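Enquirer: Test case, fold it:
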Amino acid sequence: MTSPWTGLFAGAVACAMLQIPAAEAARIDRYPDAKLTLFNPEGSIWTSTASIDDMDSVAGYYEDGGNVDHGFVRAHDGTIFTFDPQGSIGTYAQSINKKGSVTGEYYDSDDIAHGLVRTSDGTITTFDPQGSIATIALSVNNKGSITGEYDDGSQDHGFVRTSDGTITVVRSIRINEYCGIWHQCARLCNGIL
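Expert: As a prediction, the model looks like this:
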């Protein structure tokens, strides 16, 4: 039997969703210099961390008892803030920057994905590139630029959204290129935009 555990290994792995046997849950001795912090937002039955910033704040998402996913930020002091854009039936925080801005996506009542950015003061802005029928925001850098992808109904495209809201298409991708290549590119390119 396995249990979902969410933890942070300082100095080893930034953040990870761990599926470990219940009997192994306390075996942090395998990583003698690591600190493990276990947490779950209130009401969570499953938690996934997605990103950690320079101040050890963590962004991710969790599922509640009603099978609804919500975004969260866990501040370095342990305070957990949960969030959902208005009309969301599922929210997924994917990345956090050193200013505490979070990006990700949410699904509306028609099960359509839209991009979002949540600033450190809790303000949520939603966005979609023109012509998008599904938007996935993957990463936000310290300048507030967001990288991701969207589907226009005929093909997928990459995008960059700058902090002023300007969205630029990076390039079109074929669906068979998606697995690994584009996802990795969006995260790596984010550091230079």
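Enquirer: P129 and E149 touch, don't they?
Expert: No. If you go by C-beta atoms under 8 Å, P129 and E149 don't touch, sitting 9.3 Å apart. Every residue, glycine included, has its C-beta placed from N, CA and C.
Enquirer: Residues in contact with both of the two, list them for me.
Expert: Here P129 and E149 have T135, H157, F159 as joint contacts, going by C-beta atoms under 8 Å, 6 or more residues apart in numbering.
Enquirer: So for P129 and E149, which sits in the more crowded spot?
Expert: Per other C-beta atoms under 10 Å, whichever of P129 and E149 has more neighbours is E149, with 23 against 20.
Enquirer: coming back round to it: save the shared contacts of P129 and E149 as a markdown table, and put in pLDDT and neighbour count too.
Expert: Below are the shared contacts of P129 and E149 laid out as a markdown table (pLDDT from 0 to 100; neighbours: other C-beta atoms under 10 Å):
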| residue | pLDDT | neighbour count |
| --- | --- | --- |
| T135 | 97 | 23 |
| H157 | 88 | 19 |
| F159 | 90 | 24 |
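Enquirer: And those, which is closest to E63?
Expert: T135 (21.6 Å; C-beta to C-beta).
Enquirer: what about that closest one, distance to K35?
Expert: As judged by C-beta to C-beta, to the nearest Å, T135 and K35 stand 36 Å apart.
Enquirer: what sits opposite W46 in the beta ladder?
Expert: E63 (DSSP bridges).
Enquirer: Next one: it from D53, what distance?
Expert: Taking C-beta to C-beta, one finds W46 at 23 Å from D53.
Enquirer: neighbour count winner among those two?
Expert: D53 (21 against 14).
Enquirer: The more buried one: what's it in contact with?
Expert: Applying C-beta under 8 Å, 6+ apart, we find D53 in contact with A59, I96, N97, K98, G100.
Enquirer: does the residue lying closest to K98 once chain neighbours are set aside count as helix, strand or coil?
Expert: Closest residue in space to K98, ignoring its immediate chain neighbours: D54 at 4.6 Å, by C-beta to C-beta, 6 or more residues apart in numbering. Secondary structure state of D54, per DSSP: H, G, I helix; E, B strand; the rest coil, is coil.
Enquirer: what pLDDT does D54 get?
Expert: According to the prediction, D54 has pLDDT 86.
Enquirer: How many neighbouring residues does it have?
Expert: Other residues near D54 come to 11 when the count uses other C-beta under 10 Å.
Enquirer: Quick check: it vs I124, distance?
Expert: D54 is 22 Å from I124, by C-beta to C-beta.
Enquirer: now V160
Expert: Distance of V160 to I124, computed by C-beta to C-beta: 20 Å.
Enquirer: cool, Y107 as well?
Expert: Using C-beta to C-beta, one gets 14 Å for the distance from Y107 to I124.
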